[in-house]
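A.B. asks: build me a model:
(2 chains)
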Amino acid sequence: MRSLKLRFAIAVARSAGATSKLLGHKGETLPGRILLAIEPEAISLLAQSKEVILVSGTNGKTSTTKAVTTIVSQLGPVATSGSGSNLAWGAANALMSSAPYAVLEIDELHLPSIIAQTDPSIVLLLNLTRDQLHRMHEVKRVADRWHVECSEATNTIFVADIDDPYINYSIVNAINVVRVSFGGRTHPDGAVCPRCGSYLTWVRGNYSCICGLNNKINELKFKKGSASYRNAILANIVGEIVGADPVEFTETALERSVTKEISGKNAHFRLTKNPASWTEALQGDLHHDVVLVLNARQVDGIDTSWLWDVSFKALKGHRVFVCGERALDMAYRIHVEGVTPEVVESVDVALSLATGSEISVLSAYTAFFELVM
Amino acid sequence: MLEIIRIHNELLGTYGDRGNSDVLQYRAGLRKIKARVTDISYLDPLPRSGDIYLLGGAEDAAQLLSLTALRKGSILARAANKGAVVLAICAGFQLLGTKYTTRDEEFVGLGLLDVSTAPGDKRLVGDIAVKSPLFEVPLTGFENHSSVTTLGPDATPFASVISGNGNGVAGLDGAMSENVFGTYLHGPVLARNPEFADLLLELALGTSIKPVEDDLATEYAKWRRALIK
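C.D. replies: Numbering: from 1, shown residues only, chains lettered A, B, ... in the order given. Predicted coordinates:
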């Protein structure tokens, strides 16, 4: 039974959310903020009556959360966070629902606190690589926090992609773990063992350390593949644990991409927000006309130095337009790699100049949402 | 052939500083000067024959591994003594000092610059602009560190801070000798500030190099300077 205070908090939060939506906002953050202001324990109180599943990682959180939601929905109604609303108030907002299941995308720095508050049945850990370093500071700092919380969450089953040494370190002392390995990929920031600080030995996408950390000891092994493919498998493992039937996703279903027709041309937008996701996108198929959109607001990461850790050589031979608030950061970076940028004012201008009818648009976080939402 | 040695990029590559070597090679190429960038990993011996050695920013554990490897044979210090150019950013700069202290331990540095580094009380993150006596224009970059670096009596500051923190003490950034440069500027610093790249090329070649027209580089550097608050 929900307490009077909690019911009051939900009522106020819901009406605020409705008002906010009337004013044209997405209405996902405000209700959660109000709920937590009136009842700071709301997340933990609301989570008690639900089977809670959390999804976190640097890349793939939103699409994998959607996939897990699809799978778990076969069993009953699922409360889930809106696209990218992955901080505490986003979780609080989603948990207000009466659905018996909750599948929540959680920001990396917020994950330990949300695990502690929700005592989740399952936590799916995808990957940890460099992202928003002005906020995260170091990848190891995030992994240290995960490591502590995962060790303490004794009721939770962790599904972990341990090809990422930071993920393996995070769950190394956890009680219930399904360690999943696909092999065949290296880690852009994985030279040092996150557990002991030694130099990791990498051989063909497998690592091992003198302290014993390695990805050869696992519960489930699959063949190697793209991030989208891996995350679909990880989502289905979560589904299997809660008793849902597997759902098949296409090879690209879990990519953050959207196609929009703009003035008679098809613009294929893809979210690219850090070295790992840019690299993944540039390894995929690209149309002749490519638009690169770069911003550097808080969620994009305010420092763009990482552009120099991404190889843009795949763009040689393409016609490349560059725009966004930090267009020149991008333009100079690819210029030095021998790719000629055409700096333009906006994606619309790029599309009007493009000669082909199919155009690839690789876009930073904030720009992606402004362009496709 | 100009030999550019990129030291331990897998360890000292957290903040994009590998771009410094790309810019040096590119700007050498604009003058038809051949330059080769060689990546030296933690497991490789450091070549003695480099003309320019580059070190970048790192996470804490990686920084200590790099220090351990670089201590062997003092190759970097010997190369610098013979006139090789060294550019070290952030964690790399800290390694060049005489002393490097973490919260738990104290380490002897490589001793190329008379500076010592200790943990500060807050993380220093954000855009930074500095004025170095070496250049007419200010240099711009991005800093992200939590240590404070203090100059000893034999050290020359690289620059004074216009905005941001730099060394975190005395309004200074970095330190330098005739051919060794340490700074907290990421960006990468040579991408943001082509005049700095050209200075390093001239020092390494031991001769002046002709100016080049690279409009995009100039426009970029100018735009970043215009953003200085």
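
A.B. asks: can you classify the spatially most central residue of chain B as helix, strand or coil?
C.D. replies: Residue closest to the average C-alpha location in chain B (CA atoms, centre = their mean): B:Ala88, at 2.6 Å. For B:Ala88, the assignment made with DSSP: H, G, I helix; E, B strand; the rest coil gives strand.

A.B. asks: ranges for the strands of chain B?
C.D. replies: With DSSP state E, the ranges of strands along chain B come out as B:2-7, B:35-40, B:52-55, B:85-89, B:99-101, B:106-108, B:115-131, B:139-151, B:159-163, B:172-173, B:175-176, B:180-183.

A.B. asks: how close does the residue of chain B most remote from its centre get to chain A?
C.D. replies: Here chain B reaches farthest from its C-alpha mean at B:Asp104, the gap being 25.7 Å by CA atoms, centre = their mean. B:Asp104 is 12 Å from chain A, where distance means CB to the nearest CB, to the nearest Å. (Glycine included, C-beta is placed from N, CA and C.)

A.B. asks: picking that back up, dump the strands of chain B into CSV; add distance to chain A and mean pLDDT as well.
C.D. replies: Formatted as CSV, those follow (distance: least, CB to the nearest CB, whole Å; pLDDT from 0 to 100):
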stretch, distance to chain A, mean pLDDT
strand B:2-7, 12, 98
strand B:35-40, 12, 98
strand B:52-55, 12, 98
strand B:85-89, 10, 98
strand B:99-101, 15, 94
strand B:106-108, 13, 96
strand B:115-131, 5, 96
strand B:139-151, 4, 96
strand B:159-163, 14, 98
strand B:172-173, 16, 98
strand B:175-176, 21, 98
strand B:180-183, 13, 98
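
A.B. asks: and these as a markdown table, adding distance to A:Ala47?
C.D. replies: Formatted as a markdown table, these follow (distance: least, CB to CB, whole Å):
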| stretch | distance to A:Ala47 |
| --- | --- |
| strand B:2-7 | 49 |
| strand B:35-40 | 48 |
| strand B:52-55 | 47 |
| strand B:85-89 | 45 |
| strand B:99-101 | 43 |
| strand B:106-108 | 45 |
| strand B:115-131 | 32 |
| strand B:139-151 | 35 |
| strand B:159-163 | 45 |
| strand B:172-173 | 48 |
| strand B:175-176 | 53 |
| strand B:180-183 | 48 |
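
A.B. asks: hmm, back to that, find the residue closest to the residue nearest to the centre of chain B in space, skipping its chain neighbours.
C.D. replies: B:Leu55 (4.1 Å; CB to CB, 6 or more residues apart in numbering or on different chains).

A.B. asks: one more: A:Asp144?
C.D. replies: Spatially, and ignoring its direct neighbours in sequence, A:Asp144 is nearest to A:Pro194 (8.0 Å; CB to CB, 6+ apart).

A.B. asks: dump the residue contacts of the one you found.
C.D. replies: By CB atoms under 8 Å, 6 or more residues apart in numbering or on different chains, the contact set of A:Pro194 is A:139-140, A:143-144, A:147, A:165-166, A:169, A:213, B:61.

A.B. asks: which among those residues count as buried?
C.D. replies: A:139-140, A:143, A:147, A:165-166, A:169, A:213, B:61 (16 or more other CB atoms under 10 Å in any protein chain shown).

A.B. asks: and the strand or helix carrying A:Ser352, what does it pack against?
C.D. replies: Using DSSP states H and E, A:Ser352 sits in helix A:347-353. Using 3 or more CB pairs under 8 Å, 6 or more residues apart in numbering or on different chains; DSSP states H and E, the elements in contact with helix A:347-353 are strand A:265-271, strand A:289-293, strand A:319-323, strand A:358-363.

A.B. asks: among these, which is nearest chain B?
C.D. replies: strand A:319-323 (10.7 Å; CB to the nearest CB).

A.B. asks: now the element after that closest one, going C-ward?
C.D. replies: Using DSSP H and E, the helix or strand that directly follows strand A:319-323 along the chain is helix A:327-336.
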